[in-house]
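Engineer: Please find the sequence and the predicted model below.
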Amino acid sequence: MEAGTHSIWISEQLQELGHEVMVANVRELRAISHSDRKSDQVDAEKLARYARLDPEILRPIAHRTVEQQEALALIRARDLMVRLRTAAVNAVRGLTKSCGYRMPASSTRCFAKRSLAVMPPGLQQALGPVLQQIAETTAKIQQYDRQIQLLTQTEYPETQALLKVQGVGYITALTFVLTLGNKERFGRSRDVGCYLGLRPRRSQSGDHDPQLGITKAGNVYLRSLLIECANHILRPHGKDSALRQWGLHLAARGKQAKNRAVVAVARKLAVLLHRIWVTQEPYVPFYAQAA
């Protein structure tokens, strides 16, 4: 079967009935999706022929458990609330600016309180409910943060080792563990960077081998979290480590080098987190020197 919205629970139901289930990666099924005679019957026949010939052609994926999916839904719900709050804050700033006013610079958490104190009476009637909604959303986000932190301490204690890495917080550590699902699914930790779409694409033919951008395959949200962590590691006043020094060395190579360095650090961070998850060894900022 193909990977999709319902493939997680359908594959689990079929496995409970004693079937061997193979969930195909849709990125490898262009012969099906781009066919000019596409139908359910033809698609099923092609999937069966691929699976009988060589299952690796389908690059089967491993679904996380329903429990892991439910925990991950908590993180995605928080992300949704953050994006809704950001949209509301931007709307308030835009609407007040068009009337000749400017809201004060402040963090998102105290934006509603500070804006309501300086907002002219003519706009309070229209934007007051929006500011109230922003404040309520902030309280809900803080509640999500407490629930996520509790999950890392009770249900997923293996994340505690990942939290020792500079720049990695509760959300990134738990999202990393839940998205990968099983630490044994990768034969090498280096494969994690490829799985998350952080390796460069390649289109080599003869003497032509251009330098391309990353594939951006895999989980978009986890990849964005790792990019944020990489930016945190490379910030001007970040804590020193071998990973930071390596990233700063890459960033000093030229104008476009900073963005490439951030992606490279994110890829190396993914490999590091998986290795720590597997071994549960304490994080050492300068591992080579300590060895």
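Structural biologist: Looks like it arrived, so ask away. As the structure is a prediction and not an experimental result, all values here were calculated from the model. Numbering: from 1, shown residues only.
Engineer: how many neighbours does Gly4 have?
Structural biologist: Neighbour count for Gly4, taken as other CB atoms under 10 Å: 10. (C-beta placed from N, C-alpha, C; glycine too.)
Engineer: Also Asn231?
Structural biologist: 16.
Engineer: could you pull out the helices for the protein?
Structural biologist: Taking DSSP state H to define them, one finds helices in the chain at 7-16, 30-33, 40-53, 66-97, 111-118, 121-154, 159-162, 170-180, 191-195, 220-233, 242-251, 257-279, 287-290.
Engineer: Determine which stretch of those helices is the most buried.
Structural biologist: Comparing the helices of the chain by mean neighbour count (mean count of other CB atoms under 10 Å), helix 170-180 ranks first with a mean of 23.
Engineer: Other residues contacting that one?
Structural biologist: Identification of contacts with helix 170-180 by CB atoms under 8 Å, 6 or more residues apart in numbering yields 64, 68, 71-72, 75, 78, 145, 148-149, 151-152, 156, 158-159, 162-163, 183, 186, 192, 195, 219, 221-222, 225-226, 228-229, 270, 273-274, 277.
Engineer: run the last query once more with 7 Å
Structural biologist: The contact list for helix 170-180 (CB atoms under 7 Å, 6 or more residues apart in numbering) reads 64, 68, 71-72, 75, 148-149, 151-152, 156, 158-159, 162-163, 219, 221-222, 225, 229, 273, 277.
Engineer: so that helix versus helix 257-279, what angle?
Structural biologist: Between helix 170-180 and helix 257-279, the angle comes out at 70 degrees (axes from the mean of the first three to the mean of the last three CA atoms, to 10 degrees).
Engineer: Return the residues in contact with the spatially most central residue of the chain.
Structural biologist: Centre of the chain computed as the mean C-alpha position; nearest residue by CA atoms, centre = their mean is Leu222, 1.1 Å away. Residues in contact with Leu222, defined by CB under 7 Å, 6+ apart, are Thr175, Phe176, Thr179, Leu196.
Engineer: Just the local confidence number for it, please.
Structural biologist: Listed pLDDT for Leu222 reads 95.
Engineer: Same question for Gly181.
Structural biologist: 88.
Engineer: Start at 108, not 1
Structural biologist: New numbering, starting at 108: the last item is Gly288.
Engineer: what's the closest non-adjacent residue to it?
Structural biologist: Among residues not flanking Gly288 along the chain, Arg171 sits closest, at 3.8 Å (CB to CB, 6 or more residues apart in numbering).
Engineer: My read is that that neighbour contacts Ala180, right?
Structural biologist: No. With contact defined as CB atoms under 7 Å, Arg171 does not reach Ala180; the gap is 11.2 Å.
Engineer: Could you measure from Leu179 over to Tyr251?
Structural biologist: Separation of Leu179 from Tyr251 (CB to CB, to the nearest Å) stands at 13 Å.
Engineer: Low-confidence bits of the stretch 258-398 of the chain, can you list those?
Structural biologist: 395-398 (pLDDT under 70).
Engineer: In a markdown table, list the helices of the chain along with distance to Arg309.
Structural biologist: Putting the helices of the chain into a markdown table (distance: least, CB to CB, whole Å) gives the following:
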| stretch | distance to Arg309 |
| --- | --- |
| helix 114-123 | 28 |
| helix 137-140 | 17 |
| helix 147-160 | 23 |
| helix 173-204 | 31 |
| helix 218-225 | 45 |
| helix 228-261 | 36 |
| helix 266-269 | 30 |
| helix 277-287 | 24 |
| helix 298-302 | 11 |
| helix 327-340 | 19 |
| helix 349-358 | 20 |
| helix 364-386 | 15 |
| helix 394-397 | 29 |
